[in-house]
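S.K.: predicted model and sequence below, questions to follow.
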Number of protein chains: 2
Amino acid sequence: MRATIVTIGDEILIGQIVDTNSASISRHLNGVGIAIGEKISIGDRRDVIVETLQRVMRTSEVVIITGGLGPTKDDITKHTLAQMFASELVYNEAEGEHVRRLLERRGIAFTELNRGQAMLPECCTVLHNAHGTAPGMWFDTAEGGVVISLPGVPFEMEHLMEDEVLPRLKERFELGTIVHRTLITHGIAESILAERIAAWEEALPDYLHLAYLPAPNIVRLRLSAYDVEKEQSESEIAAAFAELERIIPDNIIGMEGSTIEQRVHEFLISRGETLAVAESCTGGSIASKFTAMAGASTYFLAGVVSYANSAKCNILGVDNEFIQRDGAVSESVARAMAEGARKVSGADYAIATTGIAGPTGGSELKPVGTVWMAVATPEKTIAVVRNCGTDRSQIISRASAYAIELLYNELKKL
Amino acid sequence: MRATIVTIGDEILIGQIVDTNSASISRHLNGVGIAIGEKISIGDRRDVIVETLQRVMRTSEVVIITGGLGPTKDDITKHTLAQMFASELVYNEAEGEHVRRLLERRGIAFTELNRGQAMLPECCTVLHNAHGTAPGMWFDTAEGGVVISLPGVPFEMEHLMEDEVLPRLKERFELGTIVHRTLITHGIAESILAERIAAWEEALPDYLHLAYLPAPNIVRLRLSAYDVEKEQSESEIAAAFAELERIIPDNIIGMEGSTIEQRVHEFLISRGETLAVAESCTGGSIASKFTAMAGASTYFLAGVVSYANSAKCNILGVDNEFIQRDGAVSESVARAMAEGARKVSGADYAIATTGIAGPTGGSELKPVGTVWMAVATPEKTIAVVRNCGTDRSQIISRASAYAIELLYNELKKL
């Protein structure tokens, strides 16, 4: 079983939007055992759409298209498909009524353009879009494959995949099994890691394919298996990763999706302890990483974004003397912020950051990217300074990651 | 001039990562007048890479490849290209030394795998990667085109595009001009907008192509022109958008890249006024939106993430009576948070949010997604309640957007 994903839209080709749909569709298809051979993005041009679809229909049983289903003139996917499959557009009463009701609830008038969205190729199976105004379409091809057209709005596409497309694919085709498992490592460079685990890699069964995915501070190790017996391959992968935990015990964060903030989250919940943060240069980014996780309210007491010096003094109780003597970006201020956050919130632990996110504000002694970070625990306060790069958004994200890692390393010792 | 972008990596095909590189490369190429005909993502398989490249080299003068240049066994792009261009890999002394020094600075040992990264096809022009260990490669094809291979790490790819690829493309080819300009509208549905501006759209010069890009709360209107005289088309687009400002004066946020928080940012800087935020359910997301913008420190005084009720009382001075009587998610608490944030920080304006981000904590009267938001100004405090959806991350992002819009609508009146 081979699938191709075709995303349509000039906005993708000119780089105005990042295509996130194709990644999501890939995960869904892999989940039911369908491998993706190719992803293609093309513009809103009839000839290119036809040529591309005809090419990929020859090599793929499943073709999934997104985009170009909106109500306006620049949306041409539906008309192109109708023409390709030599089918008339006919008004679908049920879909028309659905669109009318949906717009009514939002207080939007139903126009001729919306009515046009319920004009659908006669030969297709209509996939009901409960969350939007553009229905999906399922075409059976003469070669025994399927071409599926979905709206480009990620939220609507997502629901259509889950509710309409996957159940139909499972019914229609005899599907195999694909297994991917990923282990997340930190604190070890990709090339060193590869050497350290070379013998382990060599000993892997042939059908398991290993991939290295480096990212700042972490390397993800993925094992993939195609067309396998699910339980057996899963248990062989689990055994292989268990072996890795013996080889690099200090460098493993967890499985796919694991982040250091998630480990801190789990740790604090399991111990019934609490956290506060005091952020200057990271500006709320650390707080939002924790509060994005469901259940954060059980341990996350408070965050203070003390951007102004007055906020550092008034809210966190930082001694203004420190700021005058050492500057706002200094060890003394980072320590006082962490201790102040513990005190004002009553939390067991606190993380603090103060640095220069740029682009201005740097000096020779403290260039842009200089960040002091501190962690206060019931026993002590530790502080480190790190250079977090040169670009504002990178500095904010690295400083957040390093500061959370500082707490994680303390918690690991307990 | 036509370009194709080919991103290589199983991690893209299985949806483990979202490919952001191709959008960035598209913007760079459009910026120097090169249009993208197609983007393709394929896996780490030699036969597929060769077949795809041979196909696209026939139709594109410029082919840009990313990915597959790492030091480990699953990275095969370089070997495949060397074979395709019938060229030996030879050790590049300068690149080898660069990699050695780069790793040394990070405290990482230089291994045989790293040495391998400086083994490069003899026939290519090496593109120096100042920020990483995998050099880029530029191949001239027999047909007069170019094939350019770049590392997949976004940061490294970005620098290579700017410093090495674009200058060489400009020197090598006679390039045209592409102009894209986008106007951002808010508060009007796509279909209604299309009707309202139908006559305007009809009157556009033929060479200007209009596209609608809807997103939650906003619709982007893009005008594109290809192979045009830059200044003339820019002034015609400016005139067309000026005309739109007369047709939908209340619905325009600004040009491409404009966000409501950016308008607030500009507004506060120009008036020399200041801002504080008090967040419960949005958990630092509003603070981080403002502090992500360079220059925020001129007006952003403080943020408080008062997740625990005790933090609402102790830091923001919310009356515990309100919490007991109305609950933490209530109009009285939202108002008190906004007023407390103004007071504790000394800011002119404050934004507050308190709501139920879920997945638990909802009730019949206050289901998950219920968010009270308030804005305090020197004259008054206003509060509204909105339902922000059902999914935690969606609730956080919508509540943040609505709360910032609440302040924006107040500032617009001044």
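M.R.: Everything's here; your move. Numbering: from 1, shown residues only, chains lettered A, B, ... in the order given.

S.K.: A:Ile218 - nearest residue in space that isn't next to it in sequence?
M.R.: With C-beta to C-beta, 6 or more residues apart in numbering or on different chains as the criterion, A:Ile218 has its nearest non-adjacent residue at 4.9 Å, and that residue is A:His186. C-betas here are computed from N, CA, C, even on glycine.

S.K.: where does chain A dip in pLDDT?
M.R.: A:106, A:216 (pLDDT under 70).

S.K.: outline the domain layout of it.
M.R.: Domains of chain A are assigned by automatic domain parsing as A:2-172, A:178-255, A:260-412.

S.K.: quick one: those as TSV, columns for mean neighbour count too.
M.R.: Formatted as TSV, the domains of chain A follow (neighbours: other C-beta atoms under 10 Å in any protein chain shown):
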stretch	mean neighbour count
domain A:2-172	19
domain A:178-255	16
domain A:260-412	21
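
S.K.: dump those to CSV, plus distance to B:Phe290.
M.R.: Listed next are these as CSV, based on distance: least, C-beta to C-beta, whole Å:
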stretch, distance to B:Phe290
domain A:2-172, 23
domain A:178-255, 24
domain A:260-412, 7
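
S.K.: can you pull out the helices in the stretch 51-200 of chain A?
M.R.: Applying DSSP state H, counting those that start in this stretch to the stretch 51-200 of chain A gives helices spanning A:77-84, A:93-105, A:112-117, A:154-160, A:166-172, A:190-196, A:198-202.

S.K.: do the same with the stretch 201-350 of chain A
M.R.: Under the criterion DSSP H, counting those that start in this stretch, the stretch 201-350 of chain A contains helices at A:230-247, A:260-271, A:285-291, A:309-314, A:320-326, A:331-345.

S.K.: could you tell me how far stretch A:248-259 lies from the centre of the chain?
M.R.: In terms of C-alpha atoms, centre = their mean, to the nearest Å, the centre of stretch A:248-259 is found 17 Å from the chain centre.

S.K.: just stretch A:68-86 next, same as before
M.R.: 30 Å.

S.K.: can I get it in CSV? Just the C-alpha atoms.
M.R.: Written as CSV, here are the backbone C-alpha positions of stretch A:68-86 (Å, rounded to 0.1, in the frame of the first residue of the first chain):
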residue,chain,number,x,y,z
GLY,A,68,-8.4,24.8,-2.9
LEU,A,69,-11.9,24.1,-1.7
GLY,A,70,-12.8,27.6,-0.4
PRO,A,71,-15.7,29.7,-1.7
THR,A,72,-13.7,32.2,-3.6
LYS,A,73,-12.5,32.4,-7.2
ASP,A,74,-8.9,31.3,-6.5
ASP,A,75,-10.1,27.9,-5.3
ILE,A,76,-10.2,25.5,-8.2
THR,A,77,-9.5,22.1,-6.9
LYS,A,78,-13.2,20.9,-6.9
HIS,A,79,-13.8,22.1,-10.5
THR,A,80,-10.6,20.5,-11.7
LEU,A,81,-11.5,17.1,-10.0
ALA,A,82,-15.0,17.2,-11.5
GLN,A,83,-13.5,17.7,-14.9
MET,A,84,-10.9,15.0,-14.4
PHE,A,85,-13.5,12.5,-13.4
ALA,A,86,-15.9,13.7,-16.1
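
S.K.: that one near chain B anywhere?
M.R.: Yes: Stretch A:68-86 is in contact with chain B by C-beta under 8 Å from any C-beta of the partner chain, via A:Gly70, A:Pro71, A:Thr72, A:Lys73, A:Asp74.

S.K.: with stretch A:303-316 instead?
M.R.: Yes: shown here: stretch A:303-316 in contact with chain B (C-beta under 8 Å from any C-beta) through A:Gly303, A:Val304, A:Val305, A:Ser306, A:Tyr307, A:Ala308, A:Ser310, A:Ala311, A:Asn314, A:Ile315.

S.K.: is the third one in contact with B:Thr291, as I believe?
M.R.: Spelled out, that is A:Val305. Yes: using C-beta atoms under 8 Å, A:Val305 is in contact with B:Thr291, at 6.8 Å.

S.K.: quick one: common contacting residues for these two?
M.R.: Shared contacts of A:Val305 and B:Thr291 (C-beta atoms under 8 Å, 6 or more residues apart in numbering or on different chains): A:Gly283, A:Gly284, B:Phe300, B:Gly303.

S.K.: reformat the residues you listed as CSV; add distance to A:Ile260.
M.R.: Output for the shared contacts of A:Val305 and B:Thr291, formatted as CSV (distance: C-beta to C-beta, whole Å):
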residue, distance to A:Ile260
A:Gly283, 19
A:Gly284, 18
B:Phe300, 27
B:Gly303, 23
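
S.K.: residues from the stretch 151-300 of chain A in reach of chain B?
M.R.: Residues of the stretch 151-300 of chain A lying near chain B (C-beta under 8 Å from any C-beta): A:153, A:178, A:180, A:182, A:189-192, A:194-195, A:201, A:209-214, A:220, A:222, A:224, A:277, A:279, A:282-288, A:290-292, A:294, A:296-297, A:300.

S.K.: stretch A:112-122: how far from the chain's middle?
M.R.: 34 Å.

S.K.: give me the residues contacting it.
M.R.: Applying C-beta under 8 Å, 6+ apart, the contact partners of stretch A:112-122 are A:69, A:71-72, A:78, A:81-82, A:85, A:87-93, A:95-96, A:98-100, A:103, A:126, A:133-135, A:137, A:139, B:191, B:194-195.

S.K.: only alpha carbons, please: show stretch A:166-181 as PDB.
M.R.: Provided in PDB are the C-alpha atoms of stretch A:166-181 (Å, rounded to 0.1, in the frame of the first residue of the first chain):
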ATOM      1  CA  LEU A 166      -9.600   6.400   8.000                       C
ATOM      2  CA  PRO A 167     -12.700   4.200   8.700                       C
ATOM      3  CA  ARG A 168     -13.400   4.100   4.900                       C
ATOM      4  CA  LEU A 169      -9.700   3.200   4.100                       C
ATOM      5  CA  LYS A 170      -9.700   0.400   6.700                       C
ATOM      6  CA  GLU A 171     -12.900  -1.000   5.200                       C
ATOM      7  CA  ARG A 172     -11.800  -0.600   1.600                       C
ATOM      8  CA  PHE A 173      -8.200  -2.000   1.700                       C
ATOM      9  CA  GLU A 174      -6.400  -4.900   3.400                       C
ATOM     10  CA  LEU A 175      -3.900  -2.900   5.500                       C
ATOM     11  CA  GLY A 176      -0.600  -3.900   7.000                       C
ATOM     12  CA  THR A 177       1.100  -2.500  10.100                       C
ATOM     13  CA  ILE A 178       3.800   0.200  10.500                       C
ATOM     14  CA  VAL A 179       5.500   0.700  13.800                       C
ATOM     15  CA  HIS A 180       7.600   3.700  14.700                       C
ATOM     16  CA  ARG A 181       9.100   4.200  18.200                       C
END
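
S.K.: and the residue nearest to A:Ile218, how far is that from chain B?
M.R.: 14 Å (C-beta to the nearest C-beta, to the nearest Å).

S.K.: that residue against A:Ile260, yeah?
M.R.: Yes: contact criterion C-beta under 8 Å: A:His186 and A:Ile260 qualify, at 7.0 Å.

S.K.: quick check: neighbours shared by those two?
M.R.: What both A:His186 and A:Ile260 touch, as defined by C-beta under 8 Å, 6+ apart, is the set A:Ile253, A:Glu405.

S.K.: just checking, A:Met84 touches A:Leu53?
M.R.: Yes: judged on C-beta under 8 Å, A:Met84 makes contact with A:Leu53 at a distance of 6.6 Å.

S.K.: backbone dihedrals for the nearest residue to A:Pro359 once chain neighbours are set aside, both of them.
M.R.: Distances taken as C-beta to C-beta, 6+ apart put B:Ala294 closest to A:Pro359, at 5.4 Å, once the chain neighbours are dropped. Backbone torsions of B:Ala294, given as degrees, to the nearest 10, read phi -60, psi 130.

S.K.: any idea how far A:Arg398 is from the residue lying closest to A:Gly15 once chain neighbours are set aside?
M.R.: For A:Gly15, ignoring the flanking residues on the chain, the nearest one in space by C-beta to C-beta, 6+ apart is B:Ser26 at 3.1 Å. Distance of B:Ser26 to A:Arg398, computed by C-beta to C-beta, to the nearest Å: 26 Å.
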